[in-house]
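Q: Sequence first, then the predicted structure, then my questions.
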Amino acid sequence: MVRRRRTAAPKVALLFGAVALLGGIAASVVAVVAVVFARKVVVPVGSRDEDLVVARVDLAGGELELLGDEAVLAGRYGLWFERDSGHARIGEILESGPRRARRRIDGVDFGRLDRARRGRLDGWYYLGPWELGHPYENVVVETELGPAPAWHIPSASPSGRWVIQVHGRGAKRAETLRAVSPAHARGWDTLIVSYRNDGEAPASVDRRYGLGGTEWQDVVAAVRYARAQGAEQIVLMGWSMGGTITLQAVLRSAEVREALVGIILESPAIDWVDILRFQGSLYGLPPEFSAMVTRLLSAPLAVTVTGIAAPIDLQSLDAVARAEEFDVPVLLLASEGDRFVPIDGARRFAAARPDLVQFEVFSDAGHVKLWNQEPVRWSRLIESWLGRRAVHGAVEHDEDQIAG
């Protein structure tokens with residue numbers, strides 16, 4: 001009996017040691033995954049996954065066949081193919097089945113689509129202001145990091161009303177071109193800006209995104225430029241992370257608020273904590289994991305493991321918590337079908353300020369792809385809302401602006 005207990009004790013100790021070792025390994029794996037995830041959030045996007053198979057191309061007939069989840073998305077899109085060496089525009093679905101669609105080719109901008117084997121959809125559709133039929137000019141906005149390129153599309157006649165467009169994470173200026181024509185129809189100039197680390201504007205020392213916590217300073221510079229060119233009323237429009245940047249510019253800069261008469265948000269990133277939780281769930285990660293990433297980004301350790309110049313306090317970027325500080329009308333456009341930025345943050349922001357926010361919900365559109373699926377509704381909403389801003393400015397908030 002005694003002999004048995006003596007031989008069992010080392011086995012039990014060995015078992016607990018093994019469990020502790022496995023637990024330590026598991027904890028290490030989780031920590032490594034958290035670091036990788038955190039880096040992915042702040043490192044500017046390089047190459048993108050080409051998740052569509054180009055099964056067949058008929059240039060003479062003006063159609064192609066795509067295979068993949070996004071092949072069946074309704075609407076018009078840009079199609080980047082062969083590692084972004086080519087770009088085409090695709091339109092209506094002619095025939096579809098599970099994860100496959102035969103679609104109309106609206107045009108090929110560059111590259112050999114007939115040789116393409118893989119590609120990816122993009123909501124941009126337009127590549128430059130020269131495609132919109134309005135006069136435009138290339139201008140430069142002087143930021144604290146240096147000159148940042150921008151496009152200025154003036155209205156038909158000077159009005160002193162400007163919309164400043166702020167694109168999203170991993171995108172460039174062309175993303176926002178879809179909003180130019182509605183603004184132009186209502187007599188608003190459009191200034192489409194670049195910002196630090198987007199691949200066009202000067203890079204910061206760390207070459208990392210601040211998730212809105214640093215980029216807002218470049219929007220202040222854009223407002224300063226617009227006012228120097230005669231802008232008297234300004235609307236800021238932010239797309240995805242550009243929504244965070246826009247809201248932070250409003251909250252942090254009195255110079256921005258002086259001329260601001262409204263804000264438009266398209267698929268905005270409002271609550272980064274919620275976004276990280278949502279994106280983690282797409283990879284099958286538990287909610288606790290996103291909390292770990294949030295703490296990692298805001299800790300001094302973040303400087304070492306992610307390369308950012310300073311920790312990012314994601315809680316401070318939550319516009320819902322500071323909703324009472326906004327005092328201009330907001331047009332908020334979001335989709336229940338967004339699989340990148342959940343609509344919950346937009347809902348909470350709209351609920352926090354129903355007196356200011358016109359909340360427009362789209363059902364099936366993807367992230368920053370609202371125009372692509374419902375271009376008429378999307379454009380009319382912006383055109384109508386800007387029309388009211390031209391009349392009422394920042395003072396009067398007429399009741400018909402409030403919806404949702």
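A: In hand now; what should we look at? Quick caveat: nothing in here was measured; it's all calculated off a predicted structure. Numbers count the residues shown, from 1 in each chain.

Q: Now do the SS call for the closest residue to Ala352 other than its chain neighbours.
A: Distances taken as Cβ to Cβ, 6 or more residues apart in numbering put Ala323 closest to Ala352, at 3.7 Å, once the chain neighbours are dropped. Backbone N, C-alpha and C define where each C-beta goes, glycine included. Using DSSP: H, G, I helix; E, B strand; the rest coil, the secondary structure recorded for Ala323 is helix.

Q: what about Ala323, distance to Leu211?
A: Between Ala323 and Leu211 the distance is 19 Å, computed by Cβ to Cβ, to the nearest Å.

Q: circling back: pretty sure the residue nearest to Ala352 contacts Arg353?
A: Yes: if you go by Cβ atoms under 8 Å, Ala323 and Arg353 touch, sitting 5.0 Å apart.

Q: where exactly do the helices run in the stretch 251-400 of the chain?
A: Here the stretch 251-400 of the chain has its helices, by DSSP state H, counting those that start in this stretch, at 254-259, 272-282, 287-298, 302-305, 344-352, 370-373, 375-392.

Q: And the second one, what's buried?
A: To tie it back to what came earlier, the one meant is helix 272-282. Neighbour counts using 16 or more other Cβ atoms under 10 Å place 272-280 of helix 272-282 among the buried residues.

Q: Tell me which two in those are the farthest apart.
A: Considering Cβ to Cβ, no two members of these lie farther apart than Trp272 and Gly280, which are separated by 12.2 Å.

Q: At which residues are the helices of the stretch 51-200 of the chain located?
A: 180-185.

Q: what bits of it have low per-residue confidence?
A: For the stretch 51-200 of the chain, no stretch is flagged by pLDDT under 70.

Q: circling back to that earlier point, for the helices of the stretch 251-400 of the chain, please prepare a markdown table with the additional fields distance to Ala201 and mean pLDDT.
A: Formatted as a markdown table, the helices of the stretch 251-400 of the chain follow (distance: least, Cβ to Cβ, whole Å; pLDDT from 0 to 100):
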| stretch | distance to Ala201 | mean pLDDT |
| --- | --- | --- |
| helix 254-259 | 18 | 97 |
| helix 272-282 | 22 | 89 |
| helix 287-298 | 23 | 86 |
| helix 302-305 | 23 | 84 |
| helix 344-352 | 26 | 97 |
| helix 370-373 | 24 | 97 |
| helix 375-392 | 25 | 93 |
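
Q: Comparing those, which comes out most buried?
A: When the helices of the stretch 251-400 of the chain are scored by mean count of other Cβ atoms under 10 Å, the highest mean neighbour count falls to helix 370-373 (a mean of 24).

Q: From the contact counts, what lies against it?
A: Based on contacts counted as 3 or more Cβ pairs under 8 Å, 6 or more residues apart in numbering; DSSP states H and E, the elements that helix 370-373 packs against are helix 375-392.

Q: now the helix it packs on: how far from the chain's centre is it?
A: Taking the mean C-alpha point of helix 375-392 and that of its whole chain, the gap between them comes to 21 Å (Cα atoms, centre = their mean, to the nearest Å).

Q: Contacts for it next, please.
A: By Cβ atoms under 8 Å, 6 or more residues apart in numbering, the list of residues contacting helix 375-392 from outside reads 75-76, 159, 161, 163, 178-179, 181-183, 185-188, 233, 235, 261-262, 264, 329, 331, 333, 358, 360, 362, 370-371, 398, 400-401.

Q: and Asp364, how many neighbours does it have?
A: Using other Cβ atoms under 10 Å as the criterion, Asp364 is surrounded by 15 other residues.

Q: Just list the residues touching it, thanks.
A: Contact partners of Asp364, counting by Cβ under 8 Å, 6+ apart, are 74, 335-337, 373.

Q: just His184 next, same as before
A: Contacts for His184 were tallied using Cβ under 8 Å, 6+ apart; they are 134, 153, 155-156, 190.

Q: quick one: which of those has the most company?
A: Thr190 (27 neighbours).

Q: Relative to Gly86, how far out is that one?
A: The gap separating Thr190 from Gly86 is 28 Å, by Cβ to Cβ.

Q: Return the set of buried residues in stretch 150-163.
A: Residues of stretch 150-163 classed as buried: 150-155, 159-163 (neighbour count, 16+ other Cβ under 10 Å).

Q: centre of the chain versus it, how much separation?
A: Centroid separation between stretch 150-163 and its chain, computed with Cα atoms, centre = their mean, is 24 Å.

Q: I figured His87 was touching Phe110, is that so?
A: Yes: with contact defined as Cβ under 8 Å, His87 counts as touching Phe110 (5.9 Å).

Q: what about those two, which has more around it?
A: When neighbours are counted by other Cβ under 10 Å, His87 and Phe110 differ, and His87 comes out ahead with 20 against 10.

Q: wait, what's in contact with that one?
A: Counting by Cβ under 8 Å, 6+ apart, His87 makes contact with 78-81, 108-111, 127.

Q: out of those residues, which is most surrounded?
A: Looking at the contacts of His87 with neighbours defined as other Cβ under 10 Å, the largest count falls to Leu79 at 26 neighbours.
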